[in-house]
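# Here's a sequence, model it:
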Amino acid sequence: QVHLVESGGGLVQAGGSLRLSCAASGSIFSINFMGWYRQAPGKQRELVARITSGGNTNYADSVKGRFTISRDNARNTVYLQMNSLKPEDTAVYYCNADGLTYDSTWVRVPFDSWGQGIQVTVSS
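This is a model prediction of the structure:
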C-alpha cells in the first residue's frame, strides 16, 4: 500500500499564501504523476495541478500564474505553493499519486492513491 499524508492547509486572508505538502510512503517502486485536486462544498472534485516524475506540469486555468507545483523525487513528496489566494480557492485539497508498488508476493502492481484531504480557507 501507498499512503499519502498532506500538511500545510489552514486559514488565510485573500491575497495571502499557503504551501501544501504531501508525502508518499509505503512499498513504492516508482511514482509517475503526483498532483493536487480540490473540492469545494457542493462542487465536484477538480484538478488543480499535477507533475510528472520528469517535472512536466499542468495546471487548471483558474490557478495558472498563482500556484506552483513541485516535487522532490528522493523524498516522494509533492508541494503546492499557492500565492494570491482568492476566496474561491476555498476547498478541501487532496493529494493524488500513481505509479507502481509491490503486492504481497513482491510483484509490481499499479497504484493510485489519495490523501485524506486538507482544508484551505481563504477569507475575503
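# Return the per-residue confidence for the residue of the chain positioned farthest from its centre.
Distance to the chain centre peaks in the chain at residue 105, reaching 29.6 Å (criterion: C-alpha atoms, centre = their mean). Predicted confidence (pLDDT) for residue 105: 93.
# ok, now residue 73?
Residue 73 is given a pLDDT of 95.
# tell me the secondary structure for the residue nearest to it when sequence neighbours are not counted?
Nearest-residue entry for residue 73: residue 53, 6.1 Å, with adjacent residues in sequence omitted and distances by C-beta to C-beta, 6 or more residues apart in numbering. Just so you know, the C-beta spots here come from the backbone N, C-alpha and C atoms, and that holds for glycine as well. The three-state assignment at residue 53 reads coil, by DSSP: H, G, I helix; E, B strand; the rest coil.
# Can you report how many residues lie near residue 53?
Using other C-beta atoms under 10 Å, the number of residues around residue 53 comes to 13.
# which residues sit in contact with it?
The contact partners of residue 53, taken as C-beta atoms under 8 Å, 6 or more residues apart in numbering, are 30, 31, 32, 71, 73.
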